[in-house]
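*Asks:* following is a predicted model, sequence given first.
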Amino acid sequence: MAFKLRSPAFGPGGDIPVKHTCDGSDVSPPLRWTDPPAGTKSFALAVNDIDSTSGISVHWLLSGIPAPLRELPEGIPRQDAVLGIGSQGLNDLDVVGYSGPCAAPGPAHRYAFTLYALDTLVSLPPLNTRADFRKAIHGRIVVRVELVGRYKRT
């Protein structure tokens, strides 16, 4: 089986449930992955609105995910460090942790959940930014997988 990222909350290209958006409870969805490549020492996760009118908009940064993990539970707390999970950075809303889809009413936006398998343990300090995240994983990516969901506000 190849390295894949999935969610029991929505399928590839499917609609992200309201529960995981600003119109609902705004909790992170559960995520599961399989068979990371040999040499993976940790994972990092970024969630981006790839249809944002201001360019790509970051909704979640999570690094230092231990290599043995194969899933993230629903509702990761919004705190810098989550024991056994990793450290969370600031998203583009200046919030630590996950902020779900919240685009203006109109066409659906696509949200890319990108999981990076890394060849080292990347653990960033509290309040790290998109630039910090990118710098830390640059040159350390073994492979990445993506799960894209959609959300349309009414």
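*Replies:* It's in.

*Asks:* hey, let's count contacts and neighbours off CA atoms from now on
*Replies:* OK.

*Asks:* the closest residue to residue 81 other than its chain neighbours: what's it in contact with?
*Replies:* In this structure, residue 81 finds its nearest non-sequential neighbour in residue 87, 4.3 Å apart by Cα to Cα, 6 or more residues apart in numbering. Residues in contact with residue 87 (Cα atoms under 8 Å, 6 or more residues apart in numbering) are 62-65, 80-81, 123-126.

*Asks:* narrow those to just the buried residues.
*Replies:* By neighbour count, with 16 or more other Cα atoms under 10 Å, the contacts of residue 87 hold 62-65, 80-81, 123-124 as buried.

*Asks:* let's have those in TSV, adding secondary structure and distance to residue 50.
*Replies:* Listed next are the buried ones among the contacts of residue 87 as TSV, based on DSSP: H, G, I helix; E, B strand; the rest coil; distance: Cα to Cα, whole Å:
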residue	secondary structure	distance to residue 50
62	strand	18
63	strand	20
64	strand	24
65	strand	23
80	coil	24
81	strand	26
123	coil	25
124	coil	24
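
*Asks:* same for the helix or strand of the chain with the lowest mean pLDDT, what does it pack against?
*Replies:* Lowest by mean pLDDT, DSSP states H and E among the helices and strands of the chain is strand 81-82, with a mean of 93. With contacts taken as 3 or more Cα pairs under 8 Å, 6 or more residues apart in numbering; DSSP states H and E, strand 81-82 sits against strand 86-88.
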